[in-house]
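**Student:** make a model of this:
(one chain, ligands or ions: 2)
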Amino acid sequence: MQDTSEDPKRPCKHTLTQMPYASEFFVGRSAELANMNSFLKPSRSGRNGVVLQGISGSGKTQLALRYIDQFGGAYSHVLWISAASADEVEASFEEAANSLEASGTSIPVLRSKGTGGDRSYVHACLSDVLEPNWLMVLDSLDAPSIHARRYAPTCDKGSVLVISTFADAKRFFRLPVIELPDLDEESACDLLGSLVGRHGNTATDDEVDMSMLVLEIGSSTKC
Ligand SMILES: Nc1ncnc2c1ncn2[C@@H]1O[C@H](COP(=O)(O)OP(=O)(O)OP(=O)(O)O)[C@@H](O)[C@H]1O
Ligand SMILES: [Mg+2]
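**Tutor:** Ligands and ions are numbered 1, 2, ... in the order given. As a prediction, this is how the structure comes out:
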């Protein structure tokens, strides 16, 4: 039988938290996906990480979801942490802790209640119990404070994808940054075609203009 253990196209074995809704109309971004994978793909040792930076509505969250869809098979566990506020961060860690407890894996780490308890528990599992090829996504970390550096465990393992609108992301996170440009013209036309239910035909000039307009509006209003 063929060994598929290294096939990144398989779905991730375990997602410890719920993911946001993935658009069924996703288009383009193949260069960014390959770039993300070059920074994030699990290595035999050491921490991998990258920041996806762009203005609100530029498509960062959708791109991260597509990355997980395409490359999730390379990871043992995926955690999606909503990092827009401290409360959301704690809620995400609580959900991940519940999943770990319910997973049936024998985890020799004590889960203590109280502030930071679930985060410490999840960190201990990531550091000492789970396979090292996990992926943590920190989504909407737009106003990072000093606390944000403690969202990922300090161990020298795993992959961390930070998603942020923060302009000075590179300096703050000390990670490589992928800046997300607007969709290219061809992808914008594909998107408009999907939205209006046209498949396979070449876009007219009017549709090209309309696609670019939709993109501009989308970036400013996040449709
Ligand atoms: N590659 C894409 N293909 C199709 N639609 C896209 C794509 N990227 C983004 N969109 C559309 O744009 C909307 C905004 O994208 P998304 O939520 O990923 O932006 P964001 O950069 O995460 O914004 P924010 O910083 O406010 O969270 C999505 O709901 C989706 O409809
Ligand atoms: Mg987002």
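
**Student:** near ligand 1, which residues of the protein show up?
**Tutor:** For the chain, the contact set with ligand 1 under CB under 6 Å from any ligand atom comprises 23, 25-29, 54, 56-62, 140, 165, 183, 191, 218, 222. Every C-beta, even on glycine, is put in place using the N, C-alpha and C of the backbone.

**Student:** return the members of these classed as buried.
**Tutor:** Buried by 16 or more other CB atoms under 10 Å: 26-29, 54, 57-62, 140, 165, 183, 191, 218, out of the residues of the chain next to ligand 1.

**Student:** name the element residue 167 belongs to?
**Tutor:** For residue 167, there is no host helix or strand (DSSP states H and E).

**Student:** list the contacts of it.
**Tutor:** Counting by CB atoms under 8 Å, 6 or more residues apart in numbering, residue 167 touches residue 53.

**Student:** give me the distance between it and residue 144.
**Tutor:** 11 Å (CB to CB, to the nearest Å).

**Student:** can you check residue 81 too?
**Tutor:** Separation of residue 81 from residue 144 (CB to CB) stands at 13 Å.

**Student:** repeat for residue 55
**Tutor:** Applying CB to CB to residue 55 and residue 144 gives a distance of 16 Å.

**Student:** give me the more crowded residue out of the two.
**Tutor:** residue 144 (18 against 15; other CB atoms under 10 Å).

**Student:** host element of the closest residue to that one other than its chain neighbours?
**Tutor:** Spatial nearest neighbour of residue 144, chain neighbours left out: residue 172 (5.5 Å); criterion: CB to CB, 6 or more residues apart in numbering. If you go by DSSP H and E, residue 172 is part of helix 169-173.

**Student:** do residue 110 as well
**Tutor:** Judged by DSSP H and E, residue 110 forms part of no helix or strand.

**Student:** not counting sequence-adjacent ones, nearest residue to it?
**Tutor:** Nearest one to residue 110, counting by CB to CB, 6+ apart, is residue 121 at 7.5 Å.

**Student:** confirm the one you found sits in a helix?
**Tutor:** Yes. Under DSSP: H, G, I helix; E, B strand; the rest coil, residue 121 sits within a helix.

**Student:** state the distance from it to residue 155.
**Tutor:** Here the criterion is CB to CB. By it, residue 121 lies 14 Å from residue 155.

**Student:** so the two - more neighbours on which side?
**Tutor:** Shown here are residue 121 and residue 155; by other CB under 10 Å, residue 121 has more neighbours (22 against 13).

**Student:** from residue 133, how far off is the more buried one?
**Tutor:** 20 Å.

**Student:** could you do residue 19 as well?
**Tutor:** 18 Å.

**Student:** which one's more surrounded, those two?
**Tutor:** residue 133 (19 against 15).
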